[in-house]
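*Asks:* kindly generate the corresponding structure for this input.
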Amino acid sequence: GGYQPLDTPTPSEASLLRSLDSSGGIPFVDIGGRYLISGATYDPGVLQGKTAQQIAASLDDPVTAVSKGAVGAANTIVAAICRATNGQPTDVCGSPTVQSIQAQLG
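*Replies:* Sure thing, here's the model as predicted:
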């Protein structure tokens with residue numbers, strides 16, 4: 001709360017949002033009509049109390065909670081995009097990590 005909206009959905013967009021997610025979660029991402037992300041993709045509490053510089057530095061260290069959350073969420077999103085694009089581009093979608101996550105997607 002307390003933030004100003006960046007934009008207002010059109011009536012058509014608002015209708016779609018309500019039909020897919022009545023809670024109105026932000027962010028809201030529809031991946032090819034097959035996958036839906038509504039709300040945070042990992043615990044935002046790991047960012048609490050950290051400056052932007054500290055968060056950026058944490059991303060360079062693969063064992064931090066910030067890095068694990070961000071990379072894990074990104075890999076899941078990539079896997080969903082790869083599923084929606086029938087495995088394109090192959091150099092990204094063919095990676096073992098993406099393939100493993102795709103096997104878990106519904």
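
*Asks:* show me where this protein has strands.
*Replies:* Taking DSSP state E to define them, one finds strands in the chain at 28-31, 35-38.

*Asks:* now for the last one, which elements pack on it?
*Replies:* Of the remaining helices and strands, those touching strand 35-38 by 3 or more Cβ pairs under 8 Å, 6 or more residues apart in numbering; DSSP states H and E are strand 28-31, helix 65-84. C-betas here are computed from N, CA, C, even on glycine.

*Asks:* least reliable of those going by mean pLDDT?
*Replies:* Per-segment mean pLDDT for the helices and strands packed on strand 35-38 reaches its minimum on strand 28-31, at a mean of 86.

*Asks:* tell me how far that strand lies from the chain's centre.
*Replies:* Here the centre of mass of C-alpha atoms in strand 28-31, compared against the chain's by Cα atoms, centre = their mean, to the nearest Å, lies 8 Å away.

*Asks:* got any ranges where this protein has weak pLDDT?
*Replies:* Per-residue confidence for the chain (pLDDT under 70) gives these ranges: 1-2, 24.

*Asks:* try 80 this time
*Replies:* Applying pLDDT under 80 to the chain picks out residues 1-3, 5, 21-27, 106.

*Asks:* returning to what we had before: include mean neighbour count when you put the strands of the chain into CSV, please.
*Replies:* Supplementary listing: those in CSV, determined by neighbours: other Cβ atoms under 10 Å:
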stretch, mean neighbour count
strand 28-31, 15
strand 35-38, 16
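
*Asks:* between the ones you listed, which gets nearest to Gln4?
*Replies:* Counting by Cβ to Cβ, Gln4 lies closest to strand 28-31 out of the strands of the chain; the figure is 17.5 Å.

*Asks:* picking up where we left off before, now the strands of the chain as a markdown table including distance to Val98?
*Replies:* Shown next, in a markdown table, are the strands of the chain (distance: least, Cβ to Cβ, whole Å):
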| stretch | distance to Val98 |
| --- | --- |
| strand 28-31 | 14 |
| strand 35-38 | 14 |
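
*Asks:* compare the ones you listed and give me the one nearest Asn86.
*Replies:* strand 28-31 (13.0 Å).

*Asks:* check the offset of stretch 32-51 from the chain's centre.
*Replies:* For stretch 32-51, the separation from the chain centroid amounts to 6 Å (computed by Cα atoms, centre = their mean).
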